[in-house]
Every structure is written in structure tokens, then in C-alpha cells.
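Trainee: Turn this into a structure:
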Amino acid sequence: MTTKPWYEDLFENYANKYDSESFTQGTKGECDFIERELQSNKTLKIIDVGCGTGRHTIELTKRGYSVTGIDLSASQLKKAREKAATENLDIDFRQQDARNITLKNEFDVAIMLCEGGFPLMETDEMNFEILKSVTEALKAKGKFVFTTLNGLFPLFNSVEKFLAAEGKEGNATYRDNSFDLMTFRDHNVTEFEDDDGNKKVIASNERYYVPSEITWLLKSIGYRNIDIFGAKLGAFSRNDKLTTKDFEMLVIAEL
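Mentor: As a prediction, this is how the structure comes out:
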């Protein structure tokens, strides 16, 4: 039995497979939204937290933005650097823990999309450390755009059925989901095949948040304007009011 946290185990040798997962297919549309939020201001410095294989970092760099990508996983970063090299892009990818980002007051904008660290941590305190650490990486009037799991969804819907319907052949599968009303954590057994074709089974759990929690957490670390919307894959929009049918929520916060 592994002693690593489940998310480290998952991403250890999963970079190629990760890029074919259904939830990673909305990159261009999501970057369109980021551009609209930034009013296409290419002087802004961006940090992509939990950048994975670099899909948003690379797409935004191609569009002329200055982006630094950080991730905990060496194998995800290796894939990101390879992808950047094939596009002849010089991108600063760094292996960093989102709970302890060493870059302080450097960025105008932080993005953290597709559960890039938050809300995967073992405790609420660790998840909060990520929000604080990202905030410390921002300049005084910084903006933070991220997606996270919508705690309203599992109260009205089956997470297991949703994930089964969204997946496709070759993707990771999830079973034995149980949602804990006291902690708002969904526990499940995740089965997947790594990049070497090895079948792996891990016990994972993710924290779902309700909008009022996110608002309170962000206000407590200095954000003044906080907007929360439904997050539709590849089509983020301020026009999508958050509902119980949204699996994820889109958070836009300004210091």
C-alpha cells in the first residue's frame, strides 16, 4: 500500500493519459474566457497553479501572454515541457507545492482550473493553505480565477452516475462513491491505467464546497469582489448562474 497522498499517486505516471481525459478537452474555450476577463491585456503576468501538462499555460503563451506554470508532479511537468518544446515555446514551468508557492507578489493574475490542487488535499486546512499561498503570489490588486467542486451538486445528484456518464473509453473510472454530509467529501475508488499500461487502483477523496464557504474563505484572506458561476467545460461564462446541476463552480475573485 502506498504511503503517498492519493493525488500524488494518481499523477505520478499519468501525463499522456491525462491529456485524453474528457475533462481536459475544453482548453481553448476556457482560455477564451480568461482573455475576456483580462481584457486581452498581454502586459499582465499570470501564474497557472496546478498546471498539469501545461494545457492552459501553453495556450495562453501561444496567444502572447506571460505565464508561469507550477505543479507538484514531476511527470506532469516533464510532459508540459515536451509539449512546449514542440511548439517552440520558452515557458517557465516549476515544480512547486501549491500550499507553499515561493514566488511572492509577482503576478497580476492566478488561474487554477480543473481542480489544480484545491480541493484535493487531505484536510480543509491544507486546501485553505493553497488559497492563501496563491494569494501571496499575487500583486496588490490581483485577480484569482479558479474552478472547484460544487457542494450543491451531490446533495441533489449522484456523483458516481455523473462521472460514469462523462467518461469515455480509456479514461479513469470511479466506483463506490460515498458522499459524507458532515465533511462534504466524496470518497471513491479510482481505477485507471498509467502511461506504461499498468492498472492502478487508489482510494481517493475530494472536498466539495458550497458557495458561501468559498466566499467566506476568500473574504478572510482579503478578497473584496467575489463572483461565483456555474462552470461549463470549455465554455466558462459570467452568464451561467450556479445551479444544483453544475458539477463545478467558477470563482472569480479580486483583491
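
Trainee: Off-centre distance for whichever helix or strand T147 is part of?
Mentor: Assessed by DSSP states H and E, T147 sits inside strand 138-149. Strand 138-149 has its C-alpha centroid displaced from the chain centroid by 12 Å (CA atoms, centre = their mean, to the nearest Å).

Trainee: Tell me which stretches of the stretch 1-150 of the chain form helices.
Mentor: Assigned by DSSP state H, counting those that start in this stretch, the stretch 1-150 of the chain shows helices spanning 6-11, 15-18, 27-37, 55-62, 74-86, 124-137.

Trainee: Reformat those helices as CSV; add mean neighbour count, distance to I228 and mean pLDDT.
Mentor: Heads up, the C-betas are built off the backbone N, CA and C, glycines and all. Below are these laid out as CSV (neighbours: other CB atoms under 10 Å; distance: least, CB to CB, whole Å; pLDDT from 0 to 100):
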stretch, mean neighbour count, distance to I228, mean pLDDT
helix 6-11, 18, 24, 74
helix 15-18, 19, 27, 63
helix 27-37, 18, 14, 96
helix 55-62, 23, 20, 96
helix 74-86, 17, 27, 93
helix 124-137, 19, 14, 97
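
Trainee: Out of those helices, flag the one nearest A231.
Mentor: helix 27-37 (9.0 Å; CB to CB).

Trainee: now the strands for this protein?
Mentor: 45-49, 66-71, 92-95, 107-112, 138-149, 173-180, 185-193, 199-207, 225-230, 248-254 (DSSP state E).

Trainee: And the second one, what does it pack against?
Mentor: Strand 66-71 is packed against strand 45-49, helix 55-62, helix 74-86, strand 92-95, with contacts defined by 3 or more CB pairs under 8 Å, 6 or more residues apart in numbering; DSSP states H and E.

Trainee: hmm, 10 Å instead?
Mentor: strand 45-49, helix 55-62, helix 74-86, strand 92-95, strand 107-112, helix 124-137 (3 or more CB pairs under 10 Å, 6 or more residues apart in numbering; DSSP states H and E).

Trainee: Could you dump these into TSV and include distance to R224?
Mentor: Shown next, in TSV, are the helices and strands packed on strand 66-71 (distance: least, CB to CB, whole Å):
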stretch	distance to R224
strand 45-49	20
helix 55-62	25
helix 74-86	33
strand 92-95	29
strand 107-112	16
helix 124-137	12
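
Trainee: quick one: which of those is nearest N177?
Mentor: When these are compared by CB to CB, helix 124-137 sits nearest N177, at 19.7 Å.
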